[in-house]
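Participant: compute the structure for the input listed below.
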Amino acid sequence: MESKCFRNSKDGEQPWRVLEFYSGIGGMRYSLINAAVNAVVLEAFDINDVANDVYEHNFGHRPHQGNIQTLSAADIDGYKADAWLLSPPCQPYTRQGLQKGSKDARASSFLKILELIPDTTRPPLFLFVENVVGFETSDTHEMMMEILRKNQFVTQEFILSPLQFGIPYSRPRYYCLAKRKPLTFRSAQHDNQLLWSPGPLLWQDENTIDKDDDQSQEYWDGLLQHCQPIENFLEWKGSANGCDSKSSFLADNDSEKVDKDDGDIGHNSDFSSQYLVPSSLVKRWGNAMDIVFPHSKRCCCFTKSYYRYVKGTGSLLATKQGTEKCKSSLEELCLRYFTPREVANLHSFPASFQFPQHVSLRQRYALLGNSLSVGVVAPLLQYLFTEPP
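Facilitator: As a prediction, the model looks like this:
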């Protein structure tokens, strides 16, 4: 097989042909675009009807909604794809879950797709997998790596957070990058290693940083010095002070309507009040809340339960002056939820990304919580599709 090199969109070469499994709301596709990879998405696959509405709204193409476990090797061969991008369900591997791994029914479709590789006449040249931290110690991971080894893939694995890319968002995730031989990675010295540093993506050829050193408080403190402040990702016009202000958000559409269970936002309502945390919740759960300020350089990962629950689902923003060290008067801080647009900003989604109007507020948070960080995945994909000179 002839080894291909990274194709810039200006090269005039044929684009890489990509299949996008578990496409969600399009984070992987946005990452491809941001990576400047000359690629065409032949098909996207997702079983979630609402996620497919969002994907279609932004890309003009509706993902295939059937059960991907029904796909055969012949079906896959028909696409003549060069790359498979996969972000399978994370529930079998989360710390809060049962951690049943491959025995969890939600892991079966991912394993079925991998098991098709040896049966295809045109196996992929590139494979990319994203999941939660914890996947790397699961039996599903062992099965994946065994399949890749048997089918002549070389791998490099990463655990990375947006904080390592200057984004004030703590969302560490596991990534597997795989190339089928004779294709090689630019930094081949990291083959078959698990890295906790983005060095190879940044053209740094340092040796793999030891996991313990890379997770030290000193390391993270150094990273935070280079992160942008949270205020750069907010929708406020000017100040984030909004507890008693009538300042509006820079919303995609401030006349949008959401489900009555979520409240009604329209031209005649104060858009900001939709996101204020009720004082009853502050009194009850204040000590368990992660509170950040516009000048903060780190916020916690937003889960799919954000806005439904306040404990352990993501950070809350203080819209009044205060400090992280002095939270005795929590009600005076006028806490609010980050808006869906702000969560999307922290995921590095482009300004053009929008939700269809019929998608409720809670659905928006859930879909974003299940999505990925474009700011991390884009450099990973660029690295994956880059060949050594």
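
Participant: now name the helix or strand holding residue 30.
Facilitator: Secondary-structure assignment from DSSP states H and E places residue 30 in helix 27-34.

Participant: give me the distance from that helix to the chain's centre.
Facilitator: Distance of helix 27-34 from its chain centroid, counting by C-alpha atoms, centre = their mean, to the nearest Å, is 10 Å.

Participant: mind exporting the C-alpha coordinates of that helix to CSV?
Facilitator: The C-alpha trace of helix 27-34 is given here as CSV (Å, rounded to 0.1, in the frame of the first residue of the first chain):
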residue,chain,number,x,y,z
GLY,A,27,-18.4,17.9,17.6
MET,A,28,-16.2,15.4,15.7
ARG,A,29,-17.2,17.0,12.4
TYR,A,30,-16.4,20.5,13.7
SER,A,31,-13.0,19.1,14.8
LEU,A,32,-12.3,17.9,11.3
ILE,A,33,-13.0,21.3,10.0
ASN,A,34,-10.9,23.0,12.6
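
Participant: what packs against it?
Facilitator: Packing partners of helix 27-34 (3 or more C-beta pairs under 8 Å, 6 or more residues apart in numbering; DSSP states H and E): strand 16-21, strand 39-45, helix 374-384. The C-beta positions use only the backbone N, C-alpha and C, and glycine is treated the same way.

Participant: mean pLDDT, mean neighbour count and distance to residue 60 added to these, as CSV?
Facilitator: As requested, the helices and strands packed on helix 27-34 are exported to CSV (pLDDT from 0 to 100; neighbours: other C-beta atoms under 10 Å; distance: least, C-beta to C-beta, whole Å):
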stretch, mean pLDDT, mean neighbour count, distance to residue 60
strand 16-21, 97, 23, 15
strand 39-45, 97, 19, 11
helix 374-384, 98, 23, 19
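
Participant: can you list the ones you listed in CSV and add distance to residue 51?
Facilitator: CSV is the format used below for those (distance: least, C-beta to C-beta, whole Å):
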stretch, distance to residue 51
strand 16-21, 12
strand 39-45, 10
helix 374-384, 16
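
Participant: relative orientation of the helix holding residue 30 and strand 16-21 in degrees?
Facilitator: If you take axes from the mean of the first three to the mean of the last three C-alpha atoms, to 10 degrees, helix 27-34 sits at 160 degrees to strand 16-21.

Participant: taking helix 374-384 as reference, get the angle to helix 27-34.
Facilitator: Using the same axes, to 10 degrees, the interaxial angle of helix 27-34 with respect to helix 374-384 works out to 60 degrees.

Participant: surely residue 49 touches residue 63?
Facilitator: No: shown here, residue 49 and residue 63 do not form a contact pair, counting by C-beta atoms under 8 Å, at 10.1 Å.

Participant: not counting sequence-adjacent ones, nearest residue to residue 346?
Facilitator: Sequence neighbours aside, residue 169 is the residue nearest to residue 346 in space, at 4.4 Å (criterion: C-beta to C-beta, 6 or more residues apart in numbering).

Participant: count the residues that sit near the one you found.
Facilitator: Residues contacting residue 169 under the criterion other C-beta atoms under 10 Å number 28.

Participant: neighbour-wise, which of residue 49 and residue 63 wins?
Facilitator: residue 63 (24 against 9).

Participant: who is the closest residue to that one other than its chain neighbours paired with across the strands?
Facilitator: Setting aside the residues directly before and after it, residue 63 is nearest to residue 44 in space (C-beta to C-beta, 6+ apart), at 3.7 Å. Residue 44 forms beta bridges with residue 20, as assigned by DSSP bridges.

Participant: which residues are contacting the helix holding residue 30?
Facilitator: The contact list for helix 27-34, computed with C-beta atoms under 8 Å, 6 or more residues apart in numbering, reads 18, 20, 23, 39, 41, 44, 55, 59, 85, 87, 130, 347-350, 353, 371-374, 377-378, 380-381.

Participant: give the rounded mean pLDDT of it.
Facilitator: Confidence over helix 27-34 (mean pLDDT, whole number) is 97.

Participant: next one: stretch 183-200
Facilitator: According to the model, stretch 183-200 has a mean pLDDT of 93.

Participant: what's the next secondary structure element after the helix or strand of the chain with the lowest mean pLDDT?
Facilitator: Lowest by mean pLDDT, DSSP states H and E among the helices and strands of the chain is helix 211-214, with a mean of 49. Tracing the chain C-terminally past helix 211-214 and defining elements by DSSP H and E, one meets helix 217-225 next.
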